[in-house]
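>>> okay, sequence plus prediction incoming.
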Amino acid sequence: MAYASANLSVLAYANGFTLWHYTTPDPHTQVDTTGYFAGAADMLRAGDMILANTGTGGTAAGGIFLVTAAGAGTVDVANLTQVGTANTD
């Protein structure tokens, strides 16, 4: 799949920083590729963070993407910093 603007929303904004939420059936390894968020290049800024739920149609993962570069029609995010571990109960 590809970036879907309807799945990106602002959670908080302060002091030039925005905390976003994004959900997608795409795996996190696809979401963290350069250009995935190109459609949001006019909204995202370096230093913003995206709380993400990825792989919602299969192997789910949740975590934080840090926007490392944004502008000129492209966006790059760092690899997902996952939250939580496998449930062993």
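Received it, and whenever you're ready, just let me know what you need.
>>> show me where this structure has strands.
Along the chain, the stretches classed as strands by DSSP state E are 8-14, 17-23, 49-54, 61-71, 74-77, 81-82.
>>> partner strands of the last one, parallel or antiparallel?
What it means is strand 81-82. Partners of strand 81-82 in the sheet, by DSSP bridges, are strand 61-71 (antiparallel).
>>> could you give me the buried positions within the strand it pairs with?
Using 16 or more other Cβ atoms under 10 Å as the test for burial, strand 61-71 gives Ala61, Gly62, Gly63, Phe65, Leu66, Val67, Ala70. (Glycine included, C-beta is placed from N, CA and C.)
>>> over to stretch 19-29?
Trp20, Tyr22, Thr23, Thr24, Asp26, Pro27, His28.
>>> how about the CA coordinates for that stretch, as CSV?
Taking Å, rounded to 0.1, in the frame of the first residue of the first chain, the C-alpha atoms of stretch 19-29 are listed here in CSV:
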residue,chain,number,x,y,z
LEU,A,19,3.2,14.8,17.8
TRP,A,20,1.3,12.8,15.2
HIS,A,21,-0.6,9.4,15.1
TYR,A,22,-0.5,7.2,12.0
THR,A,23,-2.2,3.8,11.4
THR,A,24,-1.7,1.6,8.5
PRO,A,25,-1.8,-2.1,7.4
ASP,A,26,1.7,-1.5,5.9
PRO,A,27,4.6,-3.1,7.8
HIS,A,28,6.9,-0.7,9.7
THR,A,29,9.8,-1.6,7.4
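>>> re earlier: farthest-separated two in the buried residues of stretch 19-29?
Within the buried residues of stretch 19-29, Trp20 and Pro27 form the most distant pair, 18.6 Å apart (Cβ to Cβ).
>>> could you dump the strands of the chain to CSV with mean pLDDT?
Below are the strands of the chain laid out as CSV (pLDDT from 0 to 100):
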stretch, mean pLDDT
strand 8-14, 98
strand 17-23, 98
strand 49-54, 97
strand 61-71, 96
strand 74-77, 95
strand 81-82, 94
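>>> got TSV for these, with distance to Met43 too?
Formatted as TSV, the strands of the chain follow (distance: least, Cβ to Cβ, whole Å):
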stretch	distance to Met43
strand 8-14	8
strand 17-23	8
strand 49-54	11
strand 61-71	8
strand 74-77	9
strand 81-82	21
